[in-house]
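[1] sharing a sequence plus its predicted fold:
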Amino acid sequence: METIYCPVCSKAISSQADITACPVCSHPFNVQEWKKERAKKVEEKYGSLKEELKTRTKVQLIDAYNKQKSTGGWTFYDENDIVQRTLENRFNFLLIAYTIFLTAYFQPKIGDYEKLVILFIGLVLVFLLFLAIFRTTNRFNITLAIVHSLEDDDVSPIIHDENKKRHDSWFNKFGRKNSLIGIIIPLIMIASFVVGLIYHFFIKGVTK
């Protein structure tokens with residue numbers, strides 16, 4: 001059973017529905033006409049916009065989202081929510097792990113060799129967590145780009161456009177695409193372990 005959408009209000013209706021007009025806006029029901037009008041409207045509205053995704057157009061994303069809503073199944077918003085929570089949980093675990101290794105390193109009663117072991121294990125663990133966070137960040141940026149590409153009267157595009165208008169500064173642009181928690185902060189943590197290892201090996205000369 002094919003689902004088509006009202007070109008006026010985007011109401012999802014079965015192509016085999018026994019109706020004469022849209023139940024929401026009363027637009028006359030005609031399957032072929034609706035398909036043509038819907039395609040023309042969407043193309044005019046989104047065809048000239050810059051595409052952020054590589055495999056789907058904005059027209060295809062909107063149609064896919066309308067199908068998801070009409071069937072009551074898993075939507076782009078559901079996927080975006082679970083990926084966001086996964087990213088936050090992994091980043092929180094990274095902060096906890098980094099804090100534990102940092103606290104252990106600055107304990108007054110441990111020697112230089114123990115500190116080297118702490119730095120090496122910490123470097124390996126933080127690097128592995130960074131790979132997991134980086135992968136999740138890329139996935140989250142994709143789902144975020146999708147929900148931002150939906151129709152203008154949807155929730156996420158409205159908030160996204162308002163946020164860009166209110167906070168159109170270099171500082172706000174610097175943190176977009178989750179680069180802070182996905183790339184910058186983990187790399188700073190990794191760099192601190194590398195600096196510590198360089199200090200103990202080449203400056204302090206603990207292995208001599």
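    Noted; the coordinates are in hand. Numbers count the residues shown, from 1 in each chain.
[2] with adjacent residues omitted, what lies nearest to A12?
    Nearest residue to A12, sequence neighbours excluded (C-beta to C-beta, 6 or more residues apart in numbering): S70, at 3.5 Å. Yep, even glycine has a C-beta here, placed from its N, CA and C like the rest.
[3] repeat for P7
    E37 (3.6 Å).
[4] neighbours around that neighbour, how many?
    Other residues lying near E37 total 16 when counted by other C-beta atoms under 10 Å.
[5] and the gap between it and A64?
    19 Å (C-beta to C-beta, to the nearest Å).
[6] what's the answer for R56, then?
    R56 is 8 Å from A64, where distance means C-beta to C-beta.
[7] list the residues that contact I198.
    If a contact means C-beta atoms under 8 Å, 6 or more residues apart in numbering, then I198 has no contacts.
[8] circling back to that earlier point, please pull up the helix or strand immediately following the helix or strand harbouring the residue nearest to A12.
    Here S70, judged by DSSP states H and E, is contained in helix 58-71. Remark: after helix 58-71, the chain's next helix or strand is helix 76-105, criterion DSSP H and E.
[9] and that following helix, which residues are buried?
    In terms of neighbour count (16 or more other C-beta atoms under 10 Å), helix 76-105 has its buried residues at 76-77, 79-80, 83-84, 87, 90-91, 94, 97-98, 101, 104-105.
[10] now the angle between helix 58-71 and it, please.
    100 degrees (axes from the mean of the first three to the mean of the last three C-alpha atoms, to 10 degrees).
[11] same question for helix 76-105, mean pLDDT?
    The average pLDDT within helix 76-105 is 93.
[12] elements contacting that helix?
    With contacts defined as 3 or more C-beta pairs under 8 Å, 6 or more residues apart in numbering; DSSP states H and E, helix 76-105 has these neighbours: helix 58-71, helix 112-148, helix 185-198.
[13] will you turn those helices into a markdown table that also has mean pLDDT and distance to Y5?
    Formatted as a markdown table, those follow (pLDDT from 0 to 100; distance: least, C-beta to C-beta, whole Å):
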| stretch | mean pLDDT | distance to Y5 |
| --- | --- | --- |
| helix 58-71 | 77 | 5 |
| helix 112-148 | 91 | 18 |
| helix 185-198 | 94 | 42 |
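[14] could you find the residue nearest the spatial middle of the protein?
    Centroid check for the chain by C-alpha atoms, centre = their mean gives F140 as the closest residue, at 2.1 Å.
[15] how much space between the spatially closest residue to that residue that is not a sequence neighbour and T103?
    Distance criterion C-beta to C-beta, 6+ apart; nearest residue to F140, sequence neighbours excluded, is V83 at 4.7 Å. From V83 across to T103, the span is 31 Å (C-beta to C-beta).
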